Each structure stands twice: as C-alpha cells, then as structure tokens.
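Participant: Need a 3D model of the following:
(one chain, ligands or ions: 1)
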Amino acid sequence: MPDVDETVKKIKNLEIQGAQSIAKESLKVLSKIVEEEGFGEKFEEAAERLKNARPTGVSAHNCINFVKRRGEIEAIDATLDYLNTAKNEAGKVVADIVKDESVILTHCHSSAVIAAFRSMLDMDRNFRVIVTETEPKLQGVKTAKKLNEMNIPVNYIVDAAAGLYMWAADYVFVGVDSIRPSGVLNKIGTYMLSLAAKEDPDTEFYFIATKDKFDYDNFSTLEERSPDEIREHEYLEKEHELVLENPAFDMTPWANIDKLITEDGVMKKHEIIEELKGRFTI
Ligand code: RUB
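Facilitator: The predicted model follows:
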C-alpha cells in the first residue's frame, strides 16, 4: 500500500504534523482506497495504521471512525470540509474576545492557532507573537515562518525563556491533541507554560480546538518518541549510564486553563465533560 506506507512514514517522522493535518492527510489516503476498492479489507487495514501512527492526536481516530460509521465516500469530503470550517469558526471566536494591541505567546505549530491569528488579522487586530522554539526538532520555526508570511511581528525565543517572557504576554494560545476528562494533551512543554501563565495574573491561557479533538473513546496516550531526537551533544551519542527520555506530549489539568475555545464558542468545564459522553459527529 504505497500511499499508506508513505503517509504513515511522514506522520511518524513529523513531515506531517499537528493533529488536524494528520487527520486530513489520513482521510485523503483513505479516500483513494475507497474510490478504488470501497470500504473493504484494505480500507480497514489502512484505517488502523493511520489512526495509530501518532497516538496522542485523537483527531484522525475520530474522523476515520466517523467515516467508517457512515460507510460512504461522501463522508470523507464532508469531514474534510468540517475540519476547515470548524477551525475557522473557532478562530473567529478567539478574535472576538481578545483585546487589541495584545502580545500572544504560542508553542509548537498548531493550525488552529494559525487560524485564530488569521481571524484576528481579518478583524484588524494589532498584535505580536512570541514563538517558542519547541525542541526537539524546533517546531516553533514552522510557526515563526508562517507568521512572517502573514506579516505578523514575531519574537522567537528558546523554550527555557518562556517563563521570563510570560510577563510580556497577555495570552498564551496553544493547539490541542486530545481533550480528556482530566485535562488537555498537547506538545511537550505546554503544561509548564500553563504553570508560568497561572503565576502571572495578567496572562490568560487558551487552548484552541475543534470538536474532533474530544477523546470520546478514551483513545489517546502520551506518545514517547525516539531518544535519537535528543542526542544533540556528542556525549549523548555514546552509551552511558543515563536514560534518555523523549516524551512528545504532556497534559495540562483544567485548573491551569482559562479558556477552551472550539467552533461552539468558549466551552465551560461541565459542557466539556458532557460533550465527552457523546461521540464525534459532524
Ligand atoms: C503538534 C501539536 C499541536 C496540536 C494541534 O505536535 O502539539 O499543538 O497537534 O495542532 P506534533 P492542530 O508536531 O508533534 O504533531 O491545531 O494543527 O491540530
């Protein structure tokens, strides 16, 4: 299955990253399979591999299961449309509530956060963005590049500087991999940012998501990636009596979150818990 192999490889090595992009690319591969062979064995096998390629982002799991339940190719296009529309709607909700002339700190690369910045531009908001480098693999560079293309002023900092820069930030905007009853999963370092924001009474901490990020089936786990991604020093390239660990995601508890924003608006904790009792549908 060349397309499936290639896409799974790109998802695993982060060429395709961010929960929503992973879901979209997975749906596109499945669409080709359905066109050629329908919802048969090949679809089932590919669906399982794609859903499990990145076990923290729950979006692919939800979207693929929705398409399977519907069992018709039209559901794939409808889901792709939903993902774009819902993200833009969530972006508008954000743009409506943030104050003008604000400074926003962001971490990693989230298409939902980019959509919020785009809506803020559409509403003529003035703002600048502090972007953390997001090690390993410097995923913050992707965000900085995108913001530059959008002519949004950027301050780029190393991850360890985020606590110091929190005083300058009015908001922290981060994306979402999975929404759980106990909190929100996102790129490693998000939890630490939430703690720093909580210490600063002038900084609000926002997660920006769409409803495909709710972990209705208790599916997501915190992905641990290869320690090879963090062997940046020659000392670490050799065998030593140390354990190299590379967790890719962490969980931010509800107590540290000011707002979770989706296409439905700002969701309250009890609404989130209620939503988690249902299942993903568009
Ligand atoms: C990306 C990451 C993003 C979420 C949300 O991690 O944590 O914040 O996936 O992204 P990785 P989006 O680069 O390891 O996939 O808003 O695009 O769904």
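
Participant: all contacts plus neighbour counts: C-alpha atoms, from now on.
Facilitator: Fine.

Participant: Contact residues of the stretch 151-282 of the chain facing the ligand?
Facilitator: 174-177, 186-187 (Cα under 6 Å from any ligand atom).

Participant: Just flag the most distant two among those.
Facilitator: The largest separation in those, counting by Cα to Cα, is between Val174 and Asp177 at 10.0 Å.

Participant: could you dump the residues of the stretch 151-282 of the chain next to the ligand to JSON lines with secondary structure, neighbour count and pLDDT?
Facilitator: Formatted as JSON lines, these follow (DSSP: H, G, I helix; E, B strand; the rest coil; neighbours: other Cα atoms under 10 Å; pLDDT from 0 to 100):
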{"residue": "Val174", "secondary structure": "strand", "neighbour count": "27", "pLDDT": "99"}
{"residue": "Gly175", "secondary structure": "coil", "neighbour count": "30", "pLDDT": "98"}
{"residue": "Val176", "secondary structure": "coil", "neighbour count": "28", "pLDDT": "98"}
{"residue": "Asp177", "secondary structure": "coil", "neighbour count": "29", "pLDDT": "98"}
{"residue": "Asn186", "secondary structure": "strand", "neighbour count": "28", "pLDDT": "98"}
{"residue": "Lys187", "secondary structure": "strand", "neighbour count": "27", "pLDDT": "98"}
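
Participant: Using TSV, lay out the residues you listed together with distance to Pro247.
Facilitator: What follows is those, written out as TSV (distance: Cα to Cα, whole Å):
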residue	distance to Pro247
Val174	18
Gly175	17
Val176	16
Asp177	14
Asn186	11
Lys187	9
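
Participant: Show me which of those is closest to Ile208.
Facilitator: Gly175 (5.2 Å).

Participant: Contacts only, for that closest one.
Facilitator: 109-113, 186, 207-209 (Cα atoms under 8 Å, 6 or more residues apart in numbering).

Participant: now Phe214
Facilitator: 58-59, 178-180, 275-276, 280.

Participant: Give me the subset of those lying in strands.
Facilitator: 178-180 (DSSP state E).

Participant: now, which of the residues of the stretch 151-282 of the chain next to the ligand sits nearest Ala19?
Facilitator: Asp177 (5.7 Å).

Participant: What does the pLDDT read for the closest residue in space to the closest one that isn't next to it in sequence?
Facilitator: Once flanking residues are discounted, Asp177 sits nearest to Gly57: 4.3 Å by Cα to Cα, 6 or more residues apart in numbering. Gly57 is assigned a predicted lDDT (pLDDT) of 98.

Participant: between the contacts of Gly175, which is closest to Glu224?
Facilitator: Asn186 (12.8 Å).

Participant: okay, the ones in strands among the contacts of Phe214 in TSV with distance to Phe249 and neighbour count next?
Facilitator: Compiled in TSV, the ones in strands among the contacts of Phe214 are given as follows (distance: Cα to Cα, whole Å; neighbours: other Cα atoms under 10 Å):
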residue	distance to Phe249	neighbour count
Ser178	10	28
Ile179	13	28
Arg180	14	23
